[in-house]
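Student: fold the following.
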Amino acid sequence: MPLEYSAESRALQDRFDTRRLADRLAEIKVHHELTDADRAFIEAQDLFFLATVDGAGQPSCSYKGGDPGFVTVLDATTLAFPSYDGNGMYLSMGNVDQTGRVGLLFVDFERQRRMRVEGVAELVFEGDLLRRYPECQCVVVVRATAIYPNCPRYVHRYTRAERSPFVPRDGIATPTPDWKRADWARDVLAAGDPALGRERE
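Tutor: Sure, this is the predicted structure:
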């Protein structure tokens with residue numbers, strides 16, 4: 001499907017005389033299948049930002065991190081990423097389950113590049129995909145409807161110091177975050193939370 005601008009977007013484009021530019025970008029930059037270059041870029045990233053919306057229009061934006069390759073391009077229109085143990089609120093995943101509408105923003109802060117992927121997502125709780133990701137609770141499968149780069153000029157350049165030790169990895173015990181040991185949290189952790197077993201160690 002082509003990228004459709006809302007009436008409000010069109011009004012702003014007309015106000016700032018960018019309608020021609022917006023139409024040209026939609027024509028030559030927005031695409032609906034992931035290219036080999038898109039796949040290479042996405043699978044090299046160790047973070048992205050996930051935008052979701054609930055049925056009432058309330059948005060949520062969250063950071064998702066992992067090792068490079070934690071977002072997997074499955075085919076020309078589909079990608080997948082794991083949902084790991086978090087704070088238990090399930091705001092983003094609840095929104096995915098309710099409306100399915102998502103926006104993913106990938107940013108390479110070292111090379112100052114970014115890309116948007118918009119689409120429709122679903123939660124997968126069983127099957128081969130889960131085996132790709134140690135300790136994941138479910139996998140989010142996204143069917144892309146629009147893929148396009150963003151202008152990189154305002155991306156600040158950062159150098160990575162280290163990757164999070166909390167990302168689940170095969171053969172390595174995942175540490176317990178300190179907040180799960182706090183008095184306010186210990187008695188309300190999910191049954192079977194690994195932190196409960198580690199409390200006794």
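Student: now do the contacts for the residue nearest in space to the middle of the chain.
Tutor: Note on the chain: the residue nearest the mean C-alpha position is L50, at 4.0 Å, using CA atoms, centre = their mean. Taking CB atoms under 8 Å, 6 or more residues apart in numbering, we find L50 in contact with 61-64, 92, 102-104. No exception for glycine: its C-beta is placed from N, CA and C like everyone else's.
Student: what strand or helix carries it?
Tutor: L50 is located in strand 47-53, with elements delineated by DSSP states H and E.
Student: okay, the residue lying closest to P149 once chain neighbours are set aside: pLDDT?
Tutor: Distances taken as CB to CB, 6 or more residues apart in numbering place M115 nearest to P149, at 5.3 Å, with adjacent residues excluded. Here, the pLDDT recorded for M115 equals 97.
Student: N150 too?
Tutor: In this model, N150 carries a pLDDT of 88.
Student: measure it to V107 for me?
Tutor: The gap separating N150 from V107 is 9 Å, by CB to CB, to the nearest Å.
Student: which of the two has more neighbours?
Tutor: Per other CB atoms under 10 Å, whichever of N150 and V107 has more neighbours is V107, with 19 against 15.
Student: secondary structure class of the more buried one, three-state.
Tutor: strand (DSSP: H, G, I helix; E, B strand; the rest coil).
Student: wait, Q45 touches F106, no?
Tutor: Yes. Contact status for Q45 versus F106: in contact at 5.1 Å, counting by CB atoms under 8 Å.
Student: so what sits against both of these two?
Tutor: Shared contacts of Q45 and F106, defined by CB under 8 Å, 6+ apart, comprise V71.
Student: hmm, back to that, bridging residues for the residue nearest to the centre of the chain?
Tutor: Note on L50: beta-bridge partners S62, L104, judged by DSSP bridges.
Student: what's the answer for E118, then?
Tutor: Beta-bridge partners of E118, counted by DSSP bridges, are G103, A146.
Student: count of neighbours near it?
Tutor: 18.
Student: and the contacts of L50 as CSV, adding neighbour count?
Tutor: Shown next, in CSV, are these (neighbours: other CB atoms under 10 Å):
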residue, neighbour count
C61, 12
S62, 15
Y63, 9
K64, 20
S92, 21
V102, 23
G103, 17
L104, 23
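Student: and which of these is nearest to L79?
Tutor: Closest approach to L79 among the contacts of L50 (CB to CB): L104, at 8.1 Å.
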